[in-house]
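Participant: I need the structure of the sequence given here:
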Amino acid sequence: EQGHFREKELRQLLTSGTYPVRNLTQNIADLQAQIAANKRGVQELQRMVKQYSLETVQAYMGHVQDNAEAAVRRVIEALKDGSFTARLDDGSQIQVTMTIDCDRHNAKIDFTGTSPQLNSNFNAPSAVCKAAVLYVFRTLVNDDIPLNAGCLKPLEIIIPEGCMLNPRYPAAVVAGNVETSQAITDALYGALGVLAASQGTMNNFTFGNGRYQYYETICGGSGAGADFDGTDAVHTHMTNSRLTDPEVLEWRFPVLLENFSIRPNSGGNGNHCGGNGVIRRLRFLEPMTAAILSSHRVVPPYGLQGGEAGALGHNYVERSDDTVEELGSTAVVEMNEGDMFVIETPGGGGFGVFSKTNKV
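Facilitator: Predicted coordinates for the structure are as follows:
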């Protein structure tokens with residue numbers, strides 16, 4: 001308020017309610033870091049205006065957006081109409097229809113037919129959906145341009161109110177940014193017919209207790225295209241977080257990373273094959289609560305043009321008494337000392353019909 005950080009009120013807000021935060025100091029530090037980053041941005045913008053004048057800076061802001069708009073319009077010339085339905089593990093779907101107007105160099109992206117908003121937290125605010133559209137069209141541009149709103153000017157985006165991509169308050173949306181966004185992205189590439197599905201999930205894995213809290217996202221296979229194979233063990237599309245080094249992880253937390261390796265033959269076969277996922281096995285050295293928020297444990301990542309789908313992901317717990325507990329796409333489980341949490345991430349989809357002749 002008026003430039004002052006209202007820490008007292010924030011502490012009260014974060015520690016009240018049925019589920020208060022577990023690490024208040026860390027949460028406040030995160031917010032302060034975001035505020036500091038914004039302040040730095042303001043300072044740098046003011047410095048630029050002082051050096052070049054407000055008129056010049058605003059003019060170049062316009063030039064950058066105009067250049068991005070022109071680049072996307074050039075891409076649109078090479079695209080064709082298409083539609084795609086991406087089905088999620090919970091039975092919901094994302095429907096997108098792409099209509100290309102080559103004469104006007106415009107495109108209409110219509111999400112009519114997408115499932116109504118959900119009772120789960122896999123709803124995504126419309127801003128997430130628009131960001132995914134922006135991302136996809138920016139990746140189609142080969143020119144070296146900065147990502148900016150100019151890319152959206154040739155695009156008409158229709159997201160029906162009340163669907164899972166434009167839910168009404170107070171719909172839960174926490175998985176929308178980390179999981180549904182991936183499904184939106186793959187649906188758009190499917191409608192354009194240019195790229196098979198990636199692993200389509202961030203594989204959000206968390207564990208902790210009153211003392212420790214940890215969160216990571218885990219890589220998998222990327223999708224193949226018309227003239228390239230997918231890549232093994234990479235973050236794709238809406239996720240790009242760095243995984244904690246094993247030595248640091250084991251030093252800071254009472255866990256052992258017993259295996260982190262490429263998952264063989266998990267990428268979809270095709271004229272070009274999808275990338276392989278990974279296997280991650282984490283043993284707990286003291287009791288904690290663990291949770292997995294993931295996708296493509298029921299519906300496999302699609303292949304295109306006759307390419308095969310990538311392998312499903314798989315979550316399970318190997319108990320210290322040698323029993324195995326199978327988990328779904330989303331789960332919360334109590335881990336005891338000696339238990340192993342295993343995550344096998346999906347592979348990417350293949351592109352084109354597999355031919356032994358082409359592979360020789």
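Participant: in what helix or strand does E334 lie?
Facilitator: For E334, the enclosing helix or strand under DSSP states H and E is strand 330-335.
Participant: and the angle for the helix or strand just after that strand with strand 330-335?
Facilitator: Once the chain leaves strand 330-335, the next helix or strand it forms, by DSSP H and E, is strand 340-344. Between the axes of strand 340-344 and strand 330-335, defined by axes from the mean of the first three to the mean of the last three C-alpha atoms, to 10 degrees, the angle is 160 degrees.
Participant: how much space between the spatially closest residue to I158 that is not a sequence neighbour and I94?
Facilitator: In space, and not counting its chain neighbours, I158 is closest to D110: 4.3 Å by C-beta to C-beta, 6 or more residues apart in numbering. C-betas here are computed from N, CA, C, even on glycine. Distance from D110 to I94, counting by C-beta to C-beta, to the nearest Å: 12 Å.
Participant: So between those two, which is more surrounded?
Facilitator: A count of neighbours by other C-beta atoms under 10 Å puts I94 above the other of D110 and I94, at 26 against 18.
Participant: Paired strands for the host helix or strand of the more buried one, with orientation please.
Facilitator: Using DSSP H and E, I94 falls within strand 93-101. Take DSSP bridges as the rule and strand 93-101 pairs in its sheet with strand 82-87 (antiparallel), strand 106-110 (antiparallel).
Participant: what comes into contact with it?
Facilitator: With contacts defined as C-beta atoms under 8 Å, 6 or more residues apart in numbering, strand 93-101 is touched by 76, 79-88, 106-115, 164-165, 180, 183-184, 187-188, 191-192.
Participant: then it to CSV, C-alphas only?
Facilitator: Coordinates of each C-alpha in strand 93-101 appear next as CSV, following Å, rounded to 0.1, in the frame of the first residue of the first chain:
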residue,chain,number,x,y,z
GLN,A,93,-11.7,-32.5,-23.2
ILE,A,94,-10.2,-29.5,-24.8
GLN,A,95,-11.7,-28.9,-28.3
VAL,A,96,-10.1,-26.4,-30.6
THR,A,97,-10.9,-25.4,-34.2
MET,A,98,-8.5,-23.3,-36.2
THR,A,99,-9.8,-21.3,-39.1
ILE,A,100,-7.3,-19.6,-41.4
ASP,A,101,-8.0,-16.6,-43.5
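Participant: in it, what's buried?
Facilitator: Judged by neighbour count (16 or more other C-beta atoms under 10 Å), strand 93-101 contains these buried residues: Q93, I94, Q95, V96, T97, M98, I100.
Participant: tell me which of those residues is nearest to V133?
Facilitator: V96 (9.2 Å; C-beta to C-beta).
Participant: tell me the pLDDT at the closest one?
Facilitator: At V96, the model reports a pLDDT of 99.
Participant: again, but for T18
Facilitator: For T18, the model assigns a pLDDT of 87.
Participant: cool, the one 3 residues further on as well?
Facilitator: The predicted local confidence for V21 comes out at a pLDDT of 87.
Participant: tell me the contacts of it?
Facilitator: Contacts for V21 (C-beta under 8 Å, 6+ apart) come out as L14, T15, N27.
Participant: swap in Q46?
Facilitator: Applying C-beta under 8 Å, 6+ apart, no residues contact Q46.
Participant: Now name the helix or strand holding it.
Facilitator: Per DSSP H and E: Q46 is located in helix 24-52.
Participant: pLDDT averaged over that helix, what's the number?
Facilitator: What helix 24-52 shows for mean pLDDT is 96.
Participant: Only alpha carbons, please: show the helix or strand following that helix as PDB.
Facilitator: For helix 24-52, the following helix or strand on the C-terminal side (DSSP H and E) is helix 54-76. The C-alpha atoms that make up helix 54-76 are tabulated as PDB, following Å, rounded to 0.1, in the frame of the first residue of the first chain:
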ATOM      1  CA  LEU A  54       9.400   8.800 -23.500                       C
ATOM      2  CA  GLU A  55       8.400   9.400 -27.200                       C
ATOM      3  CA  THR A  56      11.300   7.300 -28.500                       C
ATOM      4  CA  VAL A  57      10.700   4.500 -26.100                       C
ATOM      5  CA  GLN A  58       7.000   4.300 -26.800                       C
ATOM      6  CA  ALA A  59       7.700   4.400 -30.500                       C
ATOM      7  CA  TYR A  60      10.100   1.400 -30.300                       C
ATOM      8  CA  MET A  61       7.500  -0.400 -28.200                       C
ATOM      9  CA  GLY A  62       5.100  -0.100 -31.100                       C
ATOM     10  CA  HIS A  63       7.800  -1.100 -33.600                       C
ATOM     11  CA  VAL A  64       8.500  -4.300 -31.700                       C
ATOM     12  CA  GLN A  65       4.900  -5.300 -31.600                       C
ATOM     13  CA  ASP A  66       4.300  -4.400 -35.200                       C
ATOM     14  CA  ASN A  67       7.300  -6.500 -36.300                       C
ATOM     15  CA  ALA A  68       5.900  -9.500 -34.200                       C
ATOM     16  CA  GLU A  69       2.500  -9.000 -35.800                       C
ATOM     17  CA  ALA A  70       4.000  -9.100 -39.300                       C
ATOM     18  CA  ALA A  71       6.000 -12.200 -38.500                       C
ATOM     19  CA  VAL A  72       2.900 -14.100 -37.300                       C
ATOM     20  CA  ARG A  73       0.900 -13.000 -40.400                       C
ATOM     21  CA  ARG A  74       3.600 -14.500 -42.600                       C
ATOM     22  CA  VAL A  75       3.400 -17.700 -40.700                       C
ATOM     23  CA  ILE A  76      -0.400 -17.800 -41.100                       C
END
